[in-house]
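Peer 1: One predicted model, sequence on top.
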Amino acid sequence: MHQPRRFIDKFFLIIKGLCMGAANKVPGVSGGIVAFVVGFYEEFIYSLQKINLKAMKLLFNGRFRSFYRYINGQFLSLLIFGMLVSYFSVSKLLDYFLEVRELFVWSAFFGMIIGSIIYIAKDFGHWNKRTIPLGILGFIIGISISFLSPARENDNLLFIFLCGIISVSGMTLPGLSGSFILILLGNYVLLLVDSVNALYDTFAELIRGDLGFVNDSKRLNTLKILAVFTAGSATGLVTLSHLLGYVLKHFKHMTTAMIIGFITGSLGVVWPWKKTIFLLEDNGLPALDTNGDRIISNYERYIPDWSLPETWYAILFVGLGICILLGLDWYGKLRKEYA
C-alpha cells in the first residue's frame with residue numbers, strides 16, 4: 001500500500017518540477033508561485049538551505065549517502081530533474097503556443113496567478129498594522145516592475161553571472177518572475193532561448209555521434225555563457241535560500257503579507273491584452289539580437305474588445321487557470337486527508 005503511494009508522490013514531485021520549470025521560462029510567471037501554491041515552498045527553501053559548510057564537508061569526505069540525506073537529496077533531485085526536463089520539452093511547447101496563441105497562454109497564466117492569490121490569502125488571517133503596510137509595499141513593487149523598460153543584450157561573463165544570481169529569485173520568491181527580470185536586463189533571449197537551444201542541439205548531435213560543434217565558435221561561446229549563467233543561478237539559489245529561510249522563520253506573517261501584495265502587483269506583468277513594443281535603432285529600423293530576432297522594448301496594455309469571440313475564449317482560459325490552482329489546492333487537501 002505504501003509503495004504505490006511513494007511512487008505516486010515521486011511522480012507528482014517530478015510533475016511539480018515540470019510546472020516550476022515551465023513557469024520560470026514564461027516572462028511574468030514565477031516558479032516560486034508553483035512551489036508556494038502546491039505546498040512545498042518551505043521544504044524547497046529549507047532543503048536548499050542545507051547546502052552549507054556541513055554538507056560540503058560530508059561531500060568532500062566521501063560520505064555521499066549522508067550528504068544526500070542531509071540535503072533532502074531525493075526531494076531536490078526529483079524536483080530539479082522535472083525542471084530540466086521542462087526546459088527541453090514543456091518549455092519548447094510553451095514557446096510554440098506563445099507564438100501562435102499568445103493571448104490564450106497569457107490568459108491561462110493570468111488566471112493561475114489570480115488563483116494563487118485566492119489560495120494564499122484565503123487562510124491568511126494575520127492582517128494588522130504591521131502586515132498591511134508590507135502588503136501594500138509588495139503590491140507597489142510588483143506593479144512598478146511591470147512598467148520598467150528592458151535594457152540591451154549584454155554577453156559580458158561577469159554580467160551573465162550576476163544575471164544568474166538575480167534571475168533565480170523567481171524560483172525562491174513567489175510573484176517575482178526571473179524570466180521577466182532577464183527581459184529587463186536585456187538577456188532573456190540569450191540565456192533562456194539561444195543558450196538552452198544550443199545545449200539541446202549539442203546533446204542531439206552527441207547522441208548522433210556528430211562532434212562538428214567543437215569547430216563552431218559561436219556555439220561554444222553560447223555554451224560557455226550558459227555554464228556561467230548556471231553557476232550564477234546555483235550561487236543565487238543557495239545564498240537566497242539562506243536569507244529566505246531566516247526571514248520565513250522569524251517573520252513568516254510579514255513575509256507572507258508582502259508576498260500576497262507582490263503577487264497581486266505582478267498581475268500587471270501578465271495582463272493578457274497587450275501589444276509588444278519592439279526596440280528601434282537611432283535610424284528608426286528594428287533593433288535585432290544576435291539571431292536576427294527583434295528585441296522587445298516593452299508592452300502596451302489595453303482594455304479588451306468585448307465584441308470579439310477571442311476575448312471570451314481568453315476569459316475561459318483565465319477561468320481554466322483559476323481552476324488549475326484550485327484543483328492543486330484540492331489535491332493538497334486530499335493528500336493530507338489520506339496521508
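Peer 2: Looks like it arrived, so ask away. Numbering: from 1, shown residues only.

Peer 1: Might you calculate how far stretch 233-243 sits from the centre of the chain?
Peer 2: Stretch 233-243 has its C-alpha centroid displaced from the chain centroid by 15 Å (C-alpha atoms, centre = their mean, to the nearest Å).

Peer 1: outside of it, which residues touch it?
Peer 2: 45-46, 48-49, 51-52, 161, 164-169, 171-173 (C-beta atoms under 8 Å, 6 or more residues apart in numbering). (Each C-beta comes from the backbone N, C-alpha and C, glycine too.)

Peer 1: got it, and stretch 10-22?
Peer 2: Residues outside stretch 10-22 that contact it (C-beta under 8 Å, 6+ apart) are 31, 34-35, 38, 40, 74-75, 78-87, 89-91, 94, 171.

Peer 1: Which strand or helix spans N283?
Peer 2: Under the criterion DSSP states H and E, no helix or strand holds N283.

Peer 1: Tell me, how many residues neighbour it?
Peer 2: 5 (other C-beta atoms under 10 Å).

Peer 1: ok, now A22?
Peer 2: Counted with other C-beta under 10 Å, the neighbours of A22 add up to 22.

Peer 1: Equivalent analysis for I120, please.
Peer 2: By other C-beta under 10 Å, 21 other residues sit near I120.

Peer 1: Just the element for it, please.
Peer 2: Since the elements are taken from DSSP H and E, I120 ends up inside helix 102-122.

Peer 1: Please spell out which residues along that helix are buried.
Peer 2: By neighbour count with 16 or more other C-beta atoms under 10 Å, helix 102-122 contains the buried residues 103-117, 119-121.

Peer 1: before we move on, what about stretch 52-68?
Peer 2: Going by neighbour count (16+ other C-beta under 10 Å), the buried part of stretch 52-68 is 55, 58-59, 67-68.

Peer 1: Any chance of the residues you listed in CSV with secondary structure and pLDDT as columns?
Peer 2: As requested, these are exported to CSV (DSSP: H, G, I helix; E, B strand; the rest coil; pLDDT from 0 to 100):
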residue, secondary structure, pLDDT
A55, helix, 89
L58, helix, 90
L59, helix, 87
F67, helix, 91
Y68, helix, 91
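
Peer 1: Just the closest of those residues to I277, please.
Peer 2: Nearest to I277 out of the buried residues of stretch 52-68 is A55 (C-beta to C-beta; 45.8 Å).

Peer 1: any idea how far that closest one is from F110?
Peer 2: Separation of A55 from F110 (C-beta to C-beta, to the nearest Å) stands at 39 Å.

Peer 1: Same question for A23.
Peer 2: Taken as C-beta to C-beta, the span from A23 to F110 is 13 Å.

Peer 1: For the chain, list the residue farthest from the centre, please.
Peer 2: Distance from the C-alpha centroid of the chain, by C-alpha atoms, centre = their mean, peaks at N283 (35.8 Å).

Peer 1: List the contacts of that residue.
Peer 2: Applying C-beta under 8 Å, 6+ apart, we find N283 in contact with no residue.

Peer 1: Just give me how far the helix or strand where F159 lies sits from the chain centre.
Peer 2: If you go by DSSP H and E, F159 is part of helix 157-167. Centre-to-centre, helix 157-167 and its host chain are 16 Å apart (C-alpha atoms, centre = their mean).

Peer 1: So which residues lie in contact with that helix, not counting its own?
Peer 2: 154, 178-179, 181-182, 185, 187, 191, 224-225, 228-236, 239.
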